[in-house]
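> model this:
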Amino acid sequence: MTSTFPYFDLQVNGCYGVDFNADNLSVEACHTACEKLRGGGVGHVLATIITDDLDRMAARLARIAAIRRQDALAADMISGIHVEGPFLNPEPGYVGAHPPQLVRPADLDAMKRLLDAAAGLVRIVTLAPEYDTGLAVTRWLAGQKIVVSAGHCNPDLAQFRAAIDCGLSMFTHLGNGCPMFLHRHDNIIQRVLGLADELWICFIGDGVHIPYPTLRNYLRCVPPERTIIVSDAISAAGLGPGRYSLGGQTVEVGADLAARSPDGTHFMGAAAVMPQVAGGLRKAGLDEAALRRFLLTNPARAIGAVPIIT
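Predicted structure coming up:
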């Protein structure tokens, strides 16, 4: 079924063989990725830059900004940048696919350096509140009108509430970026669900990161006006099974279209682009009104891009 509205994807690491985290990302490659996304019904995305050495992250952010200045389609399609890391929880499970040796506590000088490199394009920063001492970075980012999203984290309830008081307003891909085994009651998922009235809550909607029956349960708990679905697409998205790269790391995509580390221990982004995500969600029973809200209206509102909603 062809969508009746353009998708707005807040988390795209790459797609169609193009890695937005590549050091050598070219204008032509970015244009091609944007062209294919637009052809599939995607209206806008946030290019997502993930944890790496600070110099490399800054260079990649500057590269995205430069490409937007040189290419009209990229400027239209890439509405901004989502910086995911490096201020994350380094513990196994919570750190996910981010290289733990490059994860670091939140630092205001480092954050300002990344924002400067991105030339004003950063719209979302995902960080671990419990690794933001005094919540200084959270408070500062919120003051700059940048969405602060908790993710790859394990704050206790008091830390969570304090972060919200300082401007935290989103949670990145709930149900992922956490260990396979958690305390059955006191865990990050339950804490976030308990705060669902105060946060934008994002889910990866490919049916792999969260099985559809589980996603339906989550959607019963989160107010529909607070729900956002993202693809978390990587360079492999849209290409099928094979071996690909994500920010210099190797990714294996299997027949089930799940993108995993070569040893199979964890997911590494997603191998589906948003049109595939939407198709799966339709088959899982979501109607067009819900899809429009979760894949366009709410994402745009969350980052203050309401004028682009059509």
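> Can you classify Ala196 by secondary structure?
On the three-state scheme (DSSP: H, G, I helix; E, B strand; the rest coil), Ala196 is labelled coil.
> and it, how many neighbours?
Per other Cβ atoms under 10 Å, the neighbour tally for Ala196 reads 17. (C-beta placed from N, C-alpha, C; glycine too.)
> ok, it to Met77 distance?
Ala196 sits 30 Å away from Met77 when distances are taken as Cβ to Cβ, to the nearest Å.
> buried ones in the longest helix along the chain?
Here the longest helix in the chain is taken by residue count, with DSSP state H as the criterion, and it is helix 54-70. Neighbour counts over helix 54-70 (16 or more other Cβ atoms under 10 Å) mark Leu54, Arg56, Met57, Ala58, Arg60, Leu61, Ala62, Arg63, Ile64, Ala65, Ile67, Arg68 as buried.
> from these, which is closest to Leu88?
Within those, distances to Leu88 taken as Cβ to Cβ reach their minimum at Met57, with 12.7 Å.
> Report the contact partners of that closest one.
Met57 is in contact with Ile49, Thr51, Val83, Gly85, Pro86, Leu114, Ala117, counting by Cβ atoms under 8 Å, 6 or more residues apart in numbering.
> Now with 7 Å, please.
For Met57, the contacting residues are Ile49, Pro86, Leu114, taking Cβ atoms under 7 Å, 6 or more residues apart in numbering as the criterion.
> Most neighbours among the residues you listed, please name it.
Each of those was scored by neighbour count (other Cβ under 10 Å); the top score is that of Ile49, with 27 neighbours.
> Distance from the helix or strand containing that one to the middle of the chain?
Under DSSP states H and E, the secondary-structure element containing Ile49 is strand 42-50. Its chain's average C-alpha position is 8 Å from that of strand 42-50, according to Cα atoms, centre = their mean, to the nearest Å.
> Name the residues that touch that strand?
Under the contact criterion Cβ under 7 Å, 6+ apart, strand 42-50 has outside partners 6-13, 20-21, 37, 57, 60-61, 64, 77-85, 98, 123-124, 247, 274, 308.
> Okay, and which of those map to helices?
Secondary structure assignment (DSSP H) places Leu37, Met57, Arg60, Leu61, Ile64, Met77, Met274 from the contacts of strand 42-50 within helices.
> Next, format those residues as JSON lines and append pLDDT and distance to His183.
Below are those laid out as JSON lines (pLDDT from 0 to 100; distance: Cβ to Cβ, whole Å):
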{"residue": "Leu37", "pLDDT": "97", "distance to His183": "39"}
{"residue": "Met57", "pLDDT": "98", "distance to His183": "33"}
{"residue": "Arg60", "pLDDT": "98", "distance to His183": "36"}
{"residue": "Leu61", "pLDDT": "98", "distance to His183": "36"}
{"residue": "Ile64", "pLDDT": "98", "distance to His183": "39"}
{"residue": "Met77", "pLDDT": "97", "distance to His183": "41"}
{"residue": "Met274", "pLDDT": "95", "distance to His183": "33"}
